[in-house]
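In: need a structure here:
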Amino acid sequence: MIPKIIHTSLLLFLLSLLSACQPADSISLSLDPDGRVSGIISGQDLAVELAFTDAIRQRGLMFRDTMQETHGMLFLFERADRLSFWMRNTRIPLDIGFFDSDGILREILPLYPFDETPVQSRSNRIQFALEVNHGWFARHGVQPGAQLNLDRIASALIALGADPEQFALNR
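Out: So this is what the prediction gives:
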């Protein structure tokens, strides 16, 4: 018979070994208190809210007065298509980056406060759109060809209780 203290210590040791064997993303992934995820674009200090439901996508960044330089919103869609955005009730000048289903940045376009003129992607292969403060892409050297970390986004969706496969993120 194993004494209770040794049994408990052995159990704790085994649990710590199991957690050490987890994939790095699942250990290091953490959402900030507002549900933002960081590390979606390599080398960039950017924490984004994930707009993954119709209600969140429709509201977007409306009615906000400011947004920190290190914040943004990533819109996720179920399938690739030509996307169109406008700035109804949006006070912040923004840039939008359109990403294809592989997470590759294809286009960057400006968005102007309260402008309800649709801004449409040129490509019909767009599945993700990233809104950031106007000029963010240029200030941070992020250009077409940059890659989203789709595994990190999938992990964040799971943490938020969503199914990554809904967005073809079954990596």
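
In: now do the SS call for the closest residue to residue 123 other than its chain neighbours.
Out: The shortest distance from residue 123 to any non-neighbouring residue, by CB to CB, 6 or more residues apart in numbering, is to residue 106 (5.4 Å). All C-beta atoms are positioned from the backbone trio N, CA, C, and that covers glycine. At residue 106 the chain is in strand, as set by DSSP: H, G, I helix; E, B strand; the rest coil.

In: which positions in stretch 87-101 come out as buried?
Out: Within stretch 87-101, the residues that count as buried by 16 or more other CB atoms under 10 Å are 87, 90, 92, 94-101.

In: hang on, residue 140 packs against residue 69?
Out: No. Using CB atoms under 8 Å, residue 140 is not in contact with residue 69, being 9.2 Å away.

In: which of those two has more neighbours?
Out: Taking neighbours as other CB atoms under 10 Å, residue 140 and residue 69 compare with residue 140 leading, 16 against 13.

In: list the contacts for that one?
Out: Residue 140 is in contact with 44, 46, counting by CB atoms under 8 Å, 6 or more residues apart in numbering.

In: have a look at the chain and report its longest strand.
Out: strand 71-81 (DSSP state E).

In: same for the following helix or strand past it, what does it pack against?
Out: Note on strand 71-81: by DSSP states H and E, the next helix or strand toward the C-terminus is strand 84-85. Contacts defined by 3 or more CB pairs under 8 Å, 6 or more residues apart in numbering; DSSP states H and E place strand 84-85 against strand 119-120.

In: what lines up beside the strand it packs on in the sheet?
Out: Paired strands of strand 119-120, with direction, are strand 84-85 (antiparallel) (DSSP bridges).

In: how far away from the center of its chain is the strand it pairs with?
Out: Distance of strand 84-85 from the chain centroid (CA atoms, centre = their mean, to the nearest Å) equals 18 Å.

In: next: stretch 51-63.
Out: That offset, for stretch 51-63, works out to 13 Å (CA atoms, centre = their mean).

In: OK, contacts around the closest residue in space to residue 150 that isn't next to it in sequence?
Out: Spatial nearest neighbour of residue 150, excluding adjacent residues (CB to CB, 6+ apart): residue 103 at 4.6 Å. Contact partners of residue 103, counting by CB under 8 Å, 6+ apart, are 128, 147-150, 153.

In: mind putting the residues you listed into TSV with pLDDT and neighbour count?
Out: Below are those laid out as TSV (pLDDT from 0 to 100; neighbours: other CB atoms under 10 Å):
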residue	pLDDT	neighbour count
128	98	27
147	97	13
148	97	22
149	96	17
150	96	21
153	96	24
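
In: neighbours of residue 157, how many?
Out: As a burial measure, residue 157 scores 20 neighbours (other CB under 10 Å).
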